[in-house]
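Undergrad: Got a sequence here, can you model it:
(chains A and B)
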Amino acid sequence: MAKKQKPTVLITGAAGALAQQVINRLRDRYQIVAVDFRKQTYLSDDIPSYQINFNKRVFEDLFRKYDFDGVIHLGRITSSEETRMRRYNANVLGSQKLLELSHKYGIEKVIVLSTYHVYGANAYNPALINETAPLKAAELTMDLIDSVELENLANIYLWKYRDLNITILRPCNIVGPGVQNTMSSLLASKNAPVLAGFSPVMQFIHIDDMSDAIVLAYEKNKSGIYNVAPNDWVSYQQALELSGCRKIPLPSIPPALPRFLARALDLKIFPAFLINYFKYSVVIDGRSFNKTFGYKVKRPLKEIFRYYREMKNS
Amino acid sequence: MNLKSYLKEKFVSKEFDAQLDKIEKPVGSLGYDPWGFNAETNKVMLALFKGIYNKYFRVQADGIDNIPAKGPVLIVGNHSGQLPIDGTLVGYAIATREKAPRIPRAMIERFFPTVPFLGNLLNQAGAVLGDPVNCARMLENDEAVIVFPEGIRGSGKLYKDRYQLKRFGNGFMHLAMQHNATIVPVGIVGCEETIPAIANIKPLAKMLGIPYVPVTLPVVLPAKVHLNFGKPMKFEGGDTTEEEVTRRVEQVKSVISDLIDKGLSERKRLF
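TA: Residues are numbered from 1 along each chain as shown, chains lettered A, B, ... in the order given. Down below sits the predicted model:
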C-alpha cells in the first residue's frame, strides 16, 4: 500500500445532507471515502463513493483497500424508512459489523450519530436531561428500539475496545437546508399537524452547526456520550408559526386517538410512533459537549425558522 | 395576530409590562426557558391574575421581603384548596413585590403535564413538573422554587381537616442542603375555604386517573387570603443522617404551623 498523503476517513450515510456537509468540511484535510446503505451518491472525483450493505462480506474489502484512520457513522436509517426488521439489521447488526471491522483494522476514532429520541417522550421527563438519564424510548414504541439498541451497542464497544475512542452524539432536532427528517418536513410544510392542547418545548439545531459539532468531535477525539443542543428553546407550535406553517389541530384525547388517526390517515409527516414527542418535552442538556469541545452554536432559532418561512414564500 | 399577542395587548398595561421586564430571568432568544416558561405568557397570566389576587382573594402578604433577592431559594408552604390556587397566589406576590421581584417556580403534580391546554399553560406561566431532578436543576440555576412538601395529601384534604398539616416529605430538605438553598417558610390561610370539600370520590378518581375527585361546590369561593412569610432558614449540607433530616423538616413544619396560627389570629372574617 502506498504511503498516504492525508489521513483517511470513512463516512457513512453519504446520501444524507448532514454527511455531505461534514464531507465538505473535512475534504481538504482528509481523504474521504463515502458509503451509504441506500444509494450510491456522486460527491466528486476525489471522493470514492459506494453503496454497501455493512452486513455483506464485501464491506471488509473497503477496510483492506483504504486503511482508514477514522470512521464517522452518520448512516442510521431513520424510523420513517424501511421495515422494522430491515432497520434493525442495518442499524444494529450493520453498526456492530462496522465497529468490529474498525477494531480489527486499528481505527483510532469513531463518531456515532444517535438521536435525542432515545430518551423517550414521557410526561414525567424532567427538563435538561443529561447523558446519564436512562433511555426510555424502547419502552414507549417498538419503532425506536433500533435507535436505543444502536446506542447500547456503541456504548458496549466504547468500553470493550477503548482504543476505538468512540464518541456518541445525541443531537436534538437537526433542521435546515437539505434535511429530510420528520421535523424538517413539518417546518417545511404549509399545513402541519399539532395535537390540540399540547405544545411541548423543543430544541432545534441548524445542519451547519451540527456538522461543525461532528467535525469538532472527530478532531478533538474525546470519547464519551454527549448531547448536542443549543441553549435555546421554543414550543413546537410557536416554531411552526415562525416557520409560516398553518397549524392543523388533531384531537389529543383519549391518547390512542391521535395515534389511530396518524396510522389510519397514513400521516408520514406525523408518524404514529412519534406522537408522544409532540405531546411531552424532551429537553436535553448540551452543556457537557459545549464545555468539553469548546463549542457554541452559531445559527439562532430565528434564523432557522426564517429559512423555512422564506422557502414557502419563494 | 395570535391569541397571546391579542391578550397581551388587551390586558397587560404598559406599566405592568415594564415592571415585569425589570425582573432578571434568563430566557432564550424566543423568551422560553428549558422548563417551558415563557416570558410573554407569564405577563398575560400575571395581568389576568391581578384582579383575582387583589379584588377576589384580597391577599394580604406579610414578610414578603424575607425572600432573598438572589440565589437558590425554596419557598415552603402548607398546601390546601383542591386546586393550586395557593401556589399561584404565593407566586404572584413574589413576582410583583416592590423590592427585587423574582419569578418563582411552582412544583406541580405529575398529573398536570398530561392535561391538554392546562399542562402547557402552567409550564408557560412558570410551573414545573414536581420532580426532584427538575428542582435540583432549577436551584443550580439560582431559581426561587415554591414547594408544598405535603403534596396531594395537603391539597386533597377535606374541610374538616383544614389547617392541619399532613406529613411532610423530606425531599425538599435534601435538595436545600445539597444546593445550599435558603428555605423561606410560608403559612397560607384562606385557601382552605376557597374550595371546601366534604368528601373524596376515590373510585371515580381512580377511574379517571386523577389524584382525587372532591365533593364540593362548583365555584371557587372568594375567601380572604393571608400569606405570612417567615424568616429565611439555612441548613448545612454534608453527611447528615435521615433522622437529622427529618428533625430539620419538623423544624420547618413547626415554623409553618406558627405562621398559619398567626394568619388565623389576624383573620377577622372568612370572606
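Undergrad: Tell me where the model's unsure across the chain.
TA: Using chain A. In the predicted model of chain A, residues A:1-4, A:79-80, A:140-141 satisfy pLDDT under 70.
Undergrad: please go with chain B instead
TA: Chain B contains residues with pLDDT under 70 at B:1.
Undergrad: Give me the most central residue, it.
TA: Note on chain B: the residue nearest the mean C-alpha position is B:G87, at 2.3 Å, using Cα atoms, centre = their mean.
Undergrad: sec struct for that residue, please.
TA: Counting by DSSP: H, G, I helix; E, B strand; the rest coil, the backbone at B:G87 sits in helix.
Undergrad: That one touches B:G126, doesn't it?
TA: No. Here B:G87 lies out of contact with B:G126, judged by Cβ atoms under 8 Å, at a distance of 9.9 Å. For glycine as for every other residue, the C-beta is placed from the backbone atoms N, C-alpha and C.
Undergrad: Any chance you could list residues touching both of those two?
TA: Overlap of the contact sets of B:G87 and B:G126 (by Cβ atoms under 8 Å, 6 or more residues apart in numbering or on different chains) consists of B:A106.
Undergrad: Now stretch B:4-19: buried residues?
TA: For stretch B:4-19, burial by neighbour count (16 or more other Cβ atoms under 10 Å in any protein chain shown) applies to B:K4, B:L7, B:K8, B:F11, B:V12, B:Q19.
Undergrad: got the residues of chain B near chain A?
TA: When proximity is defined as Cβ under 8 Å from any Cβ of the partner chain, chain B approaches chain A at B:2, B:28-30, B:32-36, B:38, B:110, B:113-120, B:123-124, B:128-129, B:131, B:133-134, B:137.
Undergrad: Next up, the contacts around B:Q60.
TA: B:K224, B:V225, B:H226, B:L227, B:E266.
Undergrad: ignore the last one, B:V44
TA: Applying Cβ under 8 Å, 6+ apart, we find B:V44 in contact with B:K4, B:L7, B:K8, B:F11, B:V12.
Undergrad: again with B:Y53
TA: B:V59, B:L89, B:Y92, B:A93.
Undergrad: Tell me if I'm right that B:Y163 and B:V189 touch.
TA: Yes. Between B:Y163 and B:V189 there is a contact under Cβ under 8 Å: 7.4 Å.
Undergrad: Could you check which of the two is surrounded by more residues?
TA: Set B:Y163 next to B:V189 and count neighbours by other Cβ atoms under 10 Å in any protein chain shown: B:V189 wins out with 27 against 16.
Undergrad: Quick check: bridge partners of that one?
TA: Beta bridges link B:V189 to B:H226 when assigned by DSSP bridges.
Undergrad: B:R162 is in contact with that one, correct?
TA: No. Using Cβ under 8 Å, B:V189 makes no contact with B:R162, being 9.7 Å away.
Undergrad: returning to that earlier point: so which of the contacts of B:V44 comes closest to chain A?
TA: B:K4 (8.9 Å; Cβ to the nearest Cβ).
Undergrad: in terms of contact, does that closest one touch B:K43 like I think?
TA: No. The pair B:K4 / B:K43 is not scored as a contact, 9.5 Å apart, by Cβ under 8 Å.
Undergrad: Please, which helix or strand holds residue 237?
TA: Chain wasn't specified; assuming chain A. For A:Q237, the element it lies in under DSSP states H and E is helix A:236-242.
Undergrad: should've been chain B
TA: Counting by DSSP H and E, B:G237 is found in no helix or strand.
Undergrad: how about the nearest residue to it, chain neighbours excluded?
TA: Closest residue to B:G237 apart from its sequence neighbours, by Cβ to Cβ, 6 or more residues apart in numbering or on different chains: B:M177 at 4.2 Å.
Undergrad: Identify the contacts common to B:Y163 and B:V189.
TA: Common contacts of B:Y163 and B:V189 (Cβ under 8 Å, 6+ apart): B:I260, B:L264.
Undergrad: Find the residue closest to whichever residue of the stretch 201-314 of chain A sits closest to chain B in space, skipping its chain neighbours.
TA: Going by Cβ to the nearest Cβ, chain B is nearest to A:D232 of the stretch 201-314 of chain A, at 3.8 Å. Computed as Cβ to Cβ, 6+ apart, the closest residue to A:D232 that is not its neighbour in sequence is B:G28, at 3.8 Å.
Undergrad: That neighbour: what's it in contact with?
TA: A:N231, A:D232, A:W233, A:V234, A:L301.
Undergrad: Could you report the neighbour count for the residue in chain A positioned nearest to chain B?
TA: Across chain A, the shortest distance to chain B (Cβ to the nearest Cβ) belongs to A:G197, at 2.5 Å. By the criterion of other Cβ under 10 Å, A:G197 has 17 neighbours.
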